[in-house]
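Student: sequence-free structure coming up:
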């Protein structure tokens, strides 16, 4: 690749130098030697200037170049329409009589520049939805396009979505329908305190997501007034926009889901990112309460995983060593079953014997 690029540049330098030198030599002004030297100098300088521009434009992608070209095209058409209206306004009024010609030319130039800039900005802002195809060329990038993600109300009520968004994994992918925000404001006005608290938490989560610069969260104005259920509305939006749904309560989605729409469970994603535990591994756990079975204690890891420890019923409030028996995956997360480590169990039995003797 480097060899071919270097060859192309070298060939273009020779070609430019040859044509410019030939043009300068054919000029009747000046001597043959001076025209030859001047032609060679101008040709090499012109070629090097183009190579410098080439290294600058190599950072640009074809998509960016096509956006600029389409923006200039739309801006040019817009400027022609505005200039036509401007000239008509001048013809039917007395502005052309009192205004100097230089001012009118300056206004026309301002209209053209304004139209070109506005057209480019509009094309850039709608570049994701814009697809322009010509024979053998397609400016729409279908292969590398990532699907957007629609979070539901249960996801917005969980603060883990903020940590997930801050990781950069969902940059330029989170899309929130406006009817979800409207539903939250309706719930804020209800007399149900738990519902009002959840709605307030969801709105706070949205504000924090808006404050993440790299996330680029977008709001879309797509609604289905004939559908009353929020979950069914979200499914229709996901089908229309070819998006996935991020949820915390997958049991609420009971209707058939199209093949193009995937339901992503936040709990499943969180469990997949937790460090795995092997059978026989010894962990430290603080026993916080009694379990369902006799002599059974329950504790929690730092990530919230519940740990059930057999033989730890007498260790409430203590940090003990526990040996992992098995790890069970449920809809709400992982569940770790352990046995109290033998050394801790023997120490506990010894302490109980001392207390009994006293």
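Tutor: Arrived safely. Everything numeric here is computed off the predicted structure, so don't read it as measured data.
Student: Name the residues of the lengthiest strand in the chain that are buried.
Tutor: If you go by DSSP state E, the chain has its longest strand at strand 319-330. Neighbour counts over strand 319-330 (16 or more other C-beta atoms under 10 Å) mark 320, 321, 322, 323, 324, 327 as buried. Bear in mind the C-beta positions are built from the backbone N, C-alpha and C, glycine included.
Student: which residues in the stretch 151-300 of the chain form strands?
Tutor: 175-177, 218-220, 244-247, 263-265, 282-290, 296-300 (DSSP state E, counting those that start in this stretch).
Student: What strands flank the second one, and is each parallel or antiparallel?
Tutor: Based on DSSP bridges, the strands next to strand 218-220 in the sheet, each with its direction, are strand 175-177 (parallel).
Student: Now the partner strand: average pLDDT?
Tutor: The average of the pLDDT scores along strand 175-177 is 89.
Student: any residues touching it, and which ones?
Tutor: Contacting residues not belonging to strand 175-177 are listed as 148-151, 206, 217-223, 233-234, 237, 241, 243 [C-beta atoms under 8 Å, 6 or more residues apart in numbering].
Student: are any of those residues buried, and which?
Tutor: Neighbour counting over the contacts of strand 175-177 (16+ other C-beta under 10 Å) leaves 148, 149, 150, 151, 206, 217, 220, 233, 234, 237, 243 as the buried ones.
Student: will you turn those into a markdown table that also has distance to residue 77 and pLDDT?
Tutor: Shown next, in a markdown table, are those (distance: C-beta to C-beta, whole Å; pLDDT from 0 to 100):
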| residue | distance to residue 77 | pLDDT |
| --- | --- | --- |
| 148 | 31 | 86 |
| 149 | 36 | 88 |
| 150 | 35 | 89 |
| 151 | 39 | 89 |
| 206 | 38 | 91 |
| 217 | 33 | 86 |
| 220 | 28 | 87 |
| 233 | 38 | 87 |
| 234 | 38 | 86 |
| 237 | 33 | 87 |
| 243 | 33 | 86 |
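Student: Now for those residues: which two are most distant?
Tutor: Distance extremes for these: the farthest pair is 217 and 233 at 18.8 Å, using C-beta to C-beta.
Student: where along this structure do the helices fall?
Tutor: Ranges of helices in the chain, per DSSP state H, are 2-25, 32-57, 62-92, 95-98, 101-125, 153-156, 160-166, 178-188, 193-210, 230-241, 266-273, 342-357.
Student: Show me which residues of the first one are buried.
Tutor: Going back to what we said before, that points to helix 2-25. Buried residues in helix 2-25 (16+ other C-beta under 10 Å): 13, 16, 17, 20, 21, 24.
Student: Break this structure down into its domains, please.
Tutor: According to automatic domain parsing, the chain is divided into the following domains: 2-57, 62-138, 149-272, 276-357.
Student: ok now the shortest one, how far from the chain's centre?
Tutor: Spelled out, it's domain 2-57. 46 Å (C-alpha atoms, centre = their mean, to the nearest Å).
Student: Residue 168 against residue 214, yeah?
Tutor: Yes: between residue 168 and residue 214 there is a contact at 6.3 Å, judged by C-beta atoms under 8 Å.
Student: how deep is residue 296 tucked in, by neighbour count?
Tutor: Using other C-beta atoms under 10 Å, the number of residues around residue 296 comes to 18.
Student: any weak-confidence spans in the stretch 51-200 of the chain?
Tutor: The model of the stretch 51-200 of the chain has pLDDT under 70 over residues 57-63, 94-97, 99, 126-146.
Student: Out of the helices of the chain, which is closest to residue 294?
Tutor: Each of those has some distance to residue 294 by C-beta to C-beta; the shortest is helix 342-357, at 14.8 Å.
Student: How much space separates residue 102 from residue 161?
Tutor: Noted for residue 102: a distance of 59 Å to residue 161, by C-beta to C-beta, to the nearest Å.
Student: For the two, indicate the residue with more neighbours.
Tutor: It is residue 161, of residue 102 and residue 161, that has more neighbours when counted by other C-beta under 10 Å, with 22 against 8.
Student: Just to check, that one is in contact with residue 264?
Tutor: No: here residue 161 does not reach residue 264: they are 11.3 Å apart, not a contact under C-beta under 8 Å.
Student: can you list the weak-confidence ranges in the stretch 251-358 of the chain?
Tutor: For the stretch 251-358 of the chain, applying pLDDT under 70 flags the ranges 251-260, 274-275, 331-332, 342-358.
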